[in-house]
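A.B. asks: what shape does this take:
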Amino acid sequence: MNALEIQGLSKTYRGKKWKPVTALINLDLCIEEGEVFGFLGPNGSGKSTTIKSVMGLITPTAGSICLYGKSSSNPNARKCIGYLPENPSFYEYLTAWEYLRFVGGAFGMNEADVVSEGERVLKLLDLDDAAKRPIRGYSKGMVQRLGLAQAMLHDPDIYILDEPMSGLDPIGRSLVKEIIIDLKKRGKTVFFSTHITSDVESVCDRVGIIVGGKLRTVQNVENLLEKGIEGYLVRVRNCRDSIFQGMEYRIQQENVYEVHVPKKSLAGFMQGVGQVDAEITLIEPKRRDLEAFFLEIVEKSSK
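C.D. replies: Have a look, this model is predicted:
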């Protein structure tokens with residue numbers, strides 16, 4: 001069963017002077033149970049509008065949304081979701097512990113579960129030392145991590161995360177990526193929006209690219225990166241440079257060469273290296289990354 005199904009989702013707002021502004025156009029999307037799905041798009045492309053529609057925070061103009069086959073308009077269906085908004089904000093006079101108790105009560109958790117799960121998520125997100133301090137004293141990164149902690153508190157099956165790495169330093173970003181990978185290992189479904197392509201490359205099974213309110217493509221990330229391989233960087237020790245003829249290379253140090261081998265030439269190059277009894281110490285694919293693919297889609301969509 002699909003964890004999330006979106007069919008024909010459209011949203012039109014009233015802008016200045018009541019002029020209609022279309023944010024989403026007939027979006028169809030299915031997220032499989034247990035997958036990590038990246039929702040990639042430039043600012044203003046419709047990512048947050050989609051997520052707010054799923055969460056029932058705004059009413060779509062048209063279309064349907066189902067969670068495990070149940071309409072997302074039903075509050076009981078949304079109990080399986082852990083939600084992190086794009087810019088989380090809290091009652092700043094509360095401590096993290098007080099806020100988590102509030103969230104736990106909203107989900108009907110008993111006190112013992114709130115305490116045990118609260119301790120777990122606060123430690124996981126490196127907030128345990130600050131848990132009894134008022135939130136007003138938190139940095140932006142700490143507020144973001146608290147937002148993820150409250151989304152994880154009731155151990156939901158689906159995580160809807162709107163720009164989860166926003167405002168985090170490199171250590172915080174790495175931590176959140178590790179958490180997402182662990183959630184996948186536990187069979188959870190993660191749907192998160194971002195405009196940072198490296199985040200998608202690191203953790204996602206599939207990626208959907210939305211531009212101008214339209215879903216332009218959905219791709220398997222592994223296949224996409226594999227297709228993007230354009231050649232290889234090969235490091236060779238104890239080899240004659242005559243076999244590098246017609247290829248770009250440089251001498252890294254004595255008797256060690258780094259060669260840029262075109263994709264179609266790799267097999268022949270490896271055979272040549274074997275014939276001269278040289279040692280290959282590194283083969284690294286050189287590929288067009290997801291960012292290049294994303295920019296290509298954006299450029300095509302703007303024409």
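
A.B. asks: can I get the lowest-mean-pLDDT helix or strand in the chain in CSV, CA atoms only?
C.D. replies: Between all helices and strands in the chain, the lowest mean by mean pLDDT, DSSP states H and E belongs to strand 248-253, at a mean of 72. This file holds the C-alpha atoms of strand 248-253, laid out as CSV (Å, rounded to 0.1, in the frame of the first residue of the first chain):
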residue,chain,number,x,y,z
GLU,A,248,43.9,13.9,-20.1
TYR,A,249,46.3,13.0,-17.4
ARG,A,250,48.8,14.4,-14.9
ILE,A,251,51.7,13.1,-12.9
GLN,A,252,50.6,13.1,-9.2
GLN,A,253,54.0,12.0,-7.9
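
A.B. asks: following it, which helix or strand comes up?
C.D. replies: strand 256-262 (DSSP states H and E).

A.B. asks: average pLDDT across that following strand?
C.D. replies: Strand 256-262 shows a mean pLDDT of 81.

A.B. asks: what sits up against it?
C.D. replies: Contact with strand 256-262 is made by 230-237, 239, 241, 244, 247-252, 269, 281, 286, as judged by Cβ atoms under 8 Å, 6 or more residues apart in numbering. C-beta here means a position set from N, CA and C on the backbone, and glycine is covered the same way.

A.B. asks: can you give me phi and psi for residue 13?
C.D. replies: phi -100, psi 170 (degrees, to the nearest 10).

A.B. asks: what sits opposite it in the beta ladder?
C.D. replies: For residue 13, the beta-bridge partners are residue 21 (DSSP bridges).

A.B. asks: quick check, it in contact with residue 20.
C.D. replies: Yes - here residue 13 reaches residue 20: they are 7.3 Å apart, a contact under Cβ atoms under 8 Å.

A.B. asks: which one of the two is surrounded by more residues?
C.D. replies: residue 13 (12 against 9; other Cβ atoms under 10 Å).

A.B. asks: sorry, back to before: tilt between the least confident helix or strand of the chain and strand 256-262?
C.D. replies: 160 degrees (axes from the mean of the first three to the mean of the last three Cα atoms, to 10 degrees).

A.B. asks: partners of strand 248-253 in the sheet?
C.D. replies: Strand 248-253 is paired, per DSSP bridges, with strand 256-262 (antiparallel).

A.B. asks: and the angle from whichever helix or strand comes after the strand it pairs with to strand 256-262?
C.D. replies: Counting by DSSP H and E, the next helix or strand C-terminal to strand 256-262 is helix 266-275. Put simply, helix 266-275 runs at 150 degrees to strand 256-262, going by the same axes, to 10 degrees.

A.B. asks: which residues touch helix 266-275?
C.D. replies: 231, 232, 234, 236, 239, 243, 247, 259, 261, 280.

A.B. asks: quick check, nearest of these to residue 205?
C.D. replies: The closest of those to residue 205 turns out to be residue 232 (Cβ to Cβ; 25.3 Å).

A.B. asks: right, I'll leave it there.
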